[in-house]
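In: What would the 3D arrangement of this be:
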Amino acid sequence: MRLHVEKKGIRALGIAESFKKDQSKRSVLAGVVIRSDMIIDGFIFGSVEIGGDDATDEIVGMFQRLKRNDINVIILGGSVISMYNIIDIDSVGIRTNTPVISVTFEESEGLEPHIKHHFPDSWEKKLSAYNKLGSRETIQLHTDYKVYVRPYGISLEICKRILDKFTIQGAVPEPIRLARLLARAKIASDISQRIDKKDR
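Out: Modelled structure (predicted):
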């Protein structure tokens, strides 16, 4: 997939999640379309089952519902979300015909024992999906922070250049930071609406 990183206004769709553990069966996903000159020009919401297997389909669905042909890259806030709902990064890239970067921010020794613990009767499918992700690569951003990435459709060098374009400070690229804020705001709004309904 060819991506002209040197263009001033390349667009990224950042997708991140938020959920209240033990309070909901679903996690809120938020997507933000942002240009590399930090102009925001779109957003969308979705949801996935906590502990489920629907994250890949929902992310593809969010992309398709935007009905845009100007998104140059999808940046995901992790590839294992919502309590082991595992995103098939290659499938997202193939089905959207768009490069994908999954970004995480902490070192990890792997999730195999945790998957087996949380899914004692169905861990094989989860573990297969997790192993398909492969290992993460380390990138040091221009801010001197390290991130851990799984890219699809682009080289590690292009991946770094994209993340540098979209990271103003710290380690978190703006598309992910803003998507997280939106997802949290959506949860807070939903909780407020439920309280209002109970009080009526």
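In: In which helix or strand does Gly51 reside?
Out: Using DSSP states H and E, Gly51 falls within no helix or strand.
In: Excluding covalently adjacent residues, which one is nearest to the residue nearest in space to the middle of the chain?
Out: The chain has Leu76 as the residue nearest its centroid, 2.4 Å off, counting by CA atoms, centre = their mean. Sequence neighbours aside, Ser102 is the residue nearest to Leu76 in space, at 4.5 Å (criterion: CB to CB, 6 or more residues apart in numbering). Just so you know, the C-beta spots here come from the backbone N, C-alpha and C atoms, and that holds for glycine as well.
In: does the one you found sit in a helix, a strand or a coil?
Out: strand (DSSP: H, G, I helix; E, B strand; the rest coil).
In: Any idea how many residues pack against it?
Out: By other CB atoms under 10 Å, the residues close to Ser102 number 23.
In: Hmm, it is touching Ile87, no?
Out: Yes: contact status for Ser102 versus Ile87: in contact at 7.0 Å, counting by CB atoms under 8 Å.
In: follow-up on the earlier one: tell me the spacing between the residue nearest to Leu76 and Ile39.
Out: Ser102 is 24 Å from Ile39, where distance means CB to CB, to the nearest Å.
In: Go through stretch 166-178 and flag the buried ones.
Out: Going by neighbour count (16 or more other CB atoms under 10 Å), the buried part of stretch 166-178 is 166-167, 171-178.
In: For those, which two are the farthest from each other?
Out: For the buried residues of stretch 166-178, with distances taken as CB to CB, the pair at the greatest spread is Ala171 and Leu178 (14.8 Å).
In: re earlier: quick one: common contacting residues for Ser102 and Ile87?
Out: Applying CB atoms under 8 Å, 6 or more residues apart in numbering, one finds that Ser102 and Ile87 are jointly contacted by 76, 78-79.
In: Let's have those residues in CSV, adding distance to Ile94 and secondary structure.
Out: Converted to CSV, the shared contacts of Ser102 and Ile87 look like this (distance: CB to CB, whole Å; DSSP: H, G, I helix; E, B strand; the rest coil):
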residue, distance to Ile94, secondary structure
Leu76, 15, strand
Gly78, 20, coil
Ser79, 15, coil
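In: Just the closest of these to Ile158, please.
Out: Using CB to CB, these come closest to Ile158 at Leu76, 16.2 Å.
In: Would you map the helices across this protein?
Out: Assigned by DSSP state H, the chain shows helices spanning 55-66, 89-96, 112-118, 123-133, 156-166, 174-199.
In: Quick one, which of those helices gets closest to Gly31.
Out: helix 55-66 (5.1 Å).
In: So, low pLDDT: which residues of the chain?
Out: 1-8, 190-200 (pLDDT under 70).
In: partners of the residue nearest to the centre of the chain in the sheet?
Out: Ile15, Ser102 (DSSP bridges).
In: list the contacts for it?
Out: Contacts of Leu76 by CB under 8 Å, 6+ apart are 14-16, 59, 87, 89, 92, 100-103, 176.
In: could those be laid out in JSON lines, adding distance to Ile44?
Out: Output for these, formatted as JSON lines (distance: CB to CB, whole Å):
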{"residue": "Gly14", "distance to Ile44": "11"}
{"residue": "Ile15", "distance to Ile44": "9"}
{"residue": "Ala16", "distance to Ile44": "12"}
{"residue": "Ile59", "distance to Ile44": "11"}
{"residue": "Ile87", "distance to Ile44": "16"}
{"residue": "Ile89", "distance to Ile44": "19"}
{"residue": "Val92", "distance to Ile44": "15"}
{"residue": "Val100", "distance to Ile44": "16"}
{"residue": "Ile101", "distance to Ile44": "18"}
{"residue": "Ser102", "distance to Ile44": "19"}
{"residue": "Val103", "distance to Ile44": "19"}
{"residue": "Ile176", "distance to Ile44": "15"}
